[in-house]
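*Asks:* Output the structure for:
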Amino acid sequence: MIQARRTGSVLALVAHDAKKQALLDLVSEHREILEDFRFVATASTGTRLILEVGLDVEIVESGPNGGDLQIGARVVEGTIDAVIFLRDPLTAHPHEPDIQALMKACDVHDVPIATNLGSAEVMLHFLAERGPGSLHPAGTKRTRATL
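*Replies:* As a prediction, this is how the structure comes out:
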């Protein structure tokens, strides 16, 4: 399926409670790299990004209320170019199947996903060097119409 989207790469931002401050710090530190992106985030993460960092963010439901699934659906539709999901692997999450579904959608559709600060830093340094359009490996980016 070919999906239309607006110009500007879309980065999904998600963080478990124990990792929210780390995501806020990461985004603040790399604000210049991220200025050409549009953002979508789950409810509490997105609200904090708006209030504490001043980022313009489209907010979906919270993770436990289906936000991870909403982002996963957008990955499948081809409207999200990359995901930073700072997970807390030491805490049980009742919506773990939703988290796994989002990660599977990224894997199936070749959408880069960073699940910890180290991989998020690598992704952001790659973007700083090559730009937002370079998120998909050569030959894997699906064709999408631009509005």
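
*Asks:* how about the helices in this structure?
*Replies:* 20-29, 31-34, 43-48, 67-77, 96-108, 117-130 (DSSP state H).

*Asks:* pLDDT averaged over the fifth one - what is it?
*Replies:* What it means is helix 96-108. Averaging pLDDT along helix 96-108 yields 94.

*Asks:* same question, the second one
*Replies:* For helix 31-34, the mean per-residue pLDDT is 92.

*Asks:* Which other helices and strands does it contact?
*Replies:* The elements that helix 31-34 packs onto, with contact taken as 3 or more Cβ pairs under 8 Å, 6 or more residues apart in numbering; DSSP states H and E, are helix 117-130. For every residue, glycine as well, the C-beta is placed using N, CA and C.

*Asks:* Any buried residues in the helix it packs on, and which?
*Replies:* 120, 123-124, 127 (16 or more other Cβ atoms under 10 Å).

*Asks:* distance between that helix and the chain's centre?
*Replies:* 13 Å (Cα atoms, centre = their mean, to the nearest Å).
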